[in-house]
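In: coordinates only, sequence not included:
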């Protein structure tokens, strides 16, 4: 075991174990009830609005790639892209997915194509609906803002890892008269999304969005497992705070192992 | 075993090796993890070619169908190919090759980043209105933080910087850490769903 990572590894096993147990319990028939998340509920409304107005739905799975610590956000965005694409195919709306990372492009194309196939509307699938713009952050944001503005997007769905372009994209959508549903786990960008978009998925809500949209009880089981993981973190926080109050840093020492 | 099941198995095996390589001091696993990450770099390079094909296909179609603003597509496709040809002749370290990056792309990027200040002002104008208790709290705390960061804040009230520090270090930090912990656990749950093949949205959807 690498030095200083023993506690991290044990914690990962505990949290992962709790999630797997809840997935198995959901497989066994345990009914999981989750609070509704306004941003997820609003996706269908936004797609319906775009359909009625005859305007596009703009979707971005973020500008992060498929490696490193932000990759999970890209995957979370792609999971929800499937749901959004199905709604778009079902309602006969138009969608443009803008991509910054070349590695994300084939995945996004496959997700959208499969969504149209699942809805029995493959003939309506437009190969140009998934657009690679640029690997350069601000060239990408300028391109995406241009599309939102020129096409007068009616819905702007941004779910994934975003950096400084987050506010630009939301404000461009605001000026185009679009409803914006945004989600990210990038701490520095959450305030921008909260301030400027209509609905915001914060942190874990982004990761849960795909599972919640699917309505699949097994996937929902993992969300219940997440709550057990958070309970573990809360116990550590409370024990650590009480310990520190009484002058002992044993939790901090434990974490450093 | 269908195509998706095969992809799930490959994802699970590679994912586990990469995770274990972060924690275990076992040479074979660490070497395998490093090797797989190198493969990732190669796949990313191939994907860049795929992206160039996507970009060319879309814009060549725009030109042939004379869609709105098709003239810009000519500029994009022409520059894409010209820059690639220059790269082959001049190499990626050459002066001519880097001219476009240094004198067009970098200043354009800086200009876009500078525009962010105006977008922030625009967003603040629409967001910072006391329509509800939540937005009123946001408005008041944002105003106090701005005043705490500016010399005029200290001129109005001496304790303004301390108040700003308290807002940033206590409620703001508590909320940030809460979001970070939730997001961390959420990322683990998503990873497990993907490794177990329960979540297949990135493979085009479908269930187990």
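Out: Arrived safely, thanks for sending. Treat the numbers as computed from the prediction; the structure is a model and nothing was measured.
In: can you tell if the strand or helix carrying residue B:78 touches chain A?
Out: Element membership of residue B:78 [criterion: DSSP states H and E] is helix B:70-90. No - Helix B:70-90 lies out of reach of chain A by CB under 8 Å from any CB of the partner chain, never closer than 9.1 Å. C-beta coordinates here come from the backbone N, C-alpha and C atoms, glycine included.
In: Show me what that helix is packed against.
Out: In this structure, helix B:70-90 packs against helix B:27-64, helix B:95-100, with contacts taken as 3 or more CB pairs under 8 Å, 6 or more residues apart in numbering or on different chains; DSSP states H and E.
In: Enumerate every residue touching the residue minimising distance to the centre of chain B.
Out: Nearest to the mean C-alpha position of chain B, by CA atoms, centre = their mean, lies residue B:113 at 14.6 Å. Neighbouring residues of residue B:113 by CB atoms under 8 Å, 6 or more residues apart in numbering or on different chains: A:138, A:164.
In: Just the buried residues of the helix holding residue B:78, please?
Out: Neighbour-count burial for helix B:70-90 flags B:73, B:76, B:77, B:86 (criterion: 16 or more other CB atoms under 10 Å in any protein chain shown).
In: just stretch B:112-121 next, same as before
Out: Burial within stretch B:112-121, assessed by neighbour count using 16+ other CB under 10 Å, is assigned to B:112, B:115, B:116, B:119, B:120.
In: ok, and which of those residues reach chain A?
Out: Within those, those near chain A by CB under 8 Å from any CB are B:112, B:115, B:116, B:119, B:120.
In: what about the helices and strands packed on helix B:70-90, which gets the closest to chain A?
Out: Among those, helix B:27-64 comes nearest to chain A, with 3.7 Å by CB to the nearest CB.
In: between the closest one and helix B:70-90, how big is the angle?
Out: Angle of helix B:27-64 versus helix B:70-90, following axes from the mean of the first three to the mean of the last three CA atoms, to 10 degrees, is 130 degrees.
In: Sketch out the low-pLDDT regions of chain B for me.
Out: Counting by pLDDT under 70, chain B shows low-confidence ranges at B:205-208.
In: what about residue 182, how many residues close to it?
Out: Looking at chain A here, since you left the chain open. 30 (other CB atoms under 10 Å in any protein chain shown).
In: right idea, wrong chain: chain B
Out: By the criterion of other CB under 10 Å, residue B:182 has 22 neighbours.
In: now do residue A:214
Out: Counted with other CB under 10 Å, the neighbours of residue A:214 add up to 21.
In: Residue A:146 is in what secondary structure piece?
Out: helix A:137-150.
In: no, scratch that, I was asking about residue A:228
Out: For residue A:228, the host element (DSSP H and E) is helix A:217-245.
In: How about residue 192: what's its closest non-neighbour residue?
Out: You didn't say which chain, so I picked chain A. Leaving aside its sequence neighbours, residue A:192 sits nearest to residue A:167 (CB to CB, 6 or more residues apart in numbering or on different chains; 4.2 Å).
In: not quite, I wanted chain B
Out: The shortest distance from residue B:192 to any non-neighbouring residue, by CB to CB, 6+ apart, is to residue A:19 (5.1 Å).
In: Contact partners for the one you found?
Out: For residue A:19, the contact set (CB under 8 Å, 6+ apart) comprises A:222, A:225, A:226, A:228, A:229, B:188, B:189, B:192.
In: Which pair in those has the greatest spatial separation?
Out: Across these, the longest distance by CB to CB is 12.6 Å; it joins A:228 and B:192.
In: what's the host helix or strand of residue B:152 packed up against?
Out: Applying DSSP H and E as the criterion places residue B:152 in helix B:151-156. Counting contacts by 3+ CB pairs under 8 Å, 6+ apart, helix B:151-156 packs against helix B:133-149, helix B:160-167.
In: Contacts only, for the nearest residue in space to residue A:91 that is not next to it in sequence.
Out: Spatially, and ignoring its direct neighbours in sequence, residue A:91 is nearest to residue A:51 (4.3 Å; CB to CB, 6+ apart). The neighbourhood of residue A:51, defined by CB under 8 Å, 6+ apart, consists of A:91, A:92, A:93.
In: Show me which positions of stretch A:208-221 end up buried.
Out: Of all the residues in stretch A:208-221, those buried under the rule 16+ other CB under 10 Å are A:208, A:209, A:210, A:211, A:212, A:213, A:214, A:216, A:218, A:219, A:220, A:221.
In: about what we covered before: pLDDT wise, what is the residue nearest to residue B:192 at?
Out: We have a pLDDT of 96 for residue A:19.
In: Equivalent analysis for the one 10 residues further on, please.
Out: According to the per-residue confidence, residue A:29 scores 92 in pLDDT.
In: Could you verify that it is part of a helix?
Out: No - counting by DSSP: H, G, I helix; E, B strand; the rest coil, residue A:29 is not found in a helix; it is coil.
In: Against residue A:23, how distant is it?
Out: Plainly put, residue A:29 is 13 Å away from residue A:23 if you go by CB to CB, to the nearest Å.
In: So for the two, which sits in the more crowded spot?
Out: Applying other CB under 10 Å to residue A:29 and residue A:23 shows that residue A:23 carries more neighbours, namely 25 against 7.
In: Okay, and that one sits in which element?
Out: With DSSP H and E as the test, residue A:23 turns up in helix A:6-27.
In: buried set for that helix?
Out: Buried, per 16+ other CB under 10 Å, within helix A:6-27: A:9, A:11, A:12, A:15, A:16, A:18, A:19, A:20, A:22, A:23, A:26.
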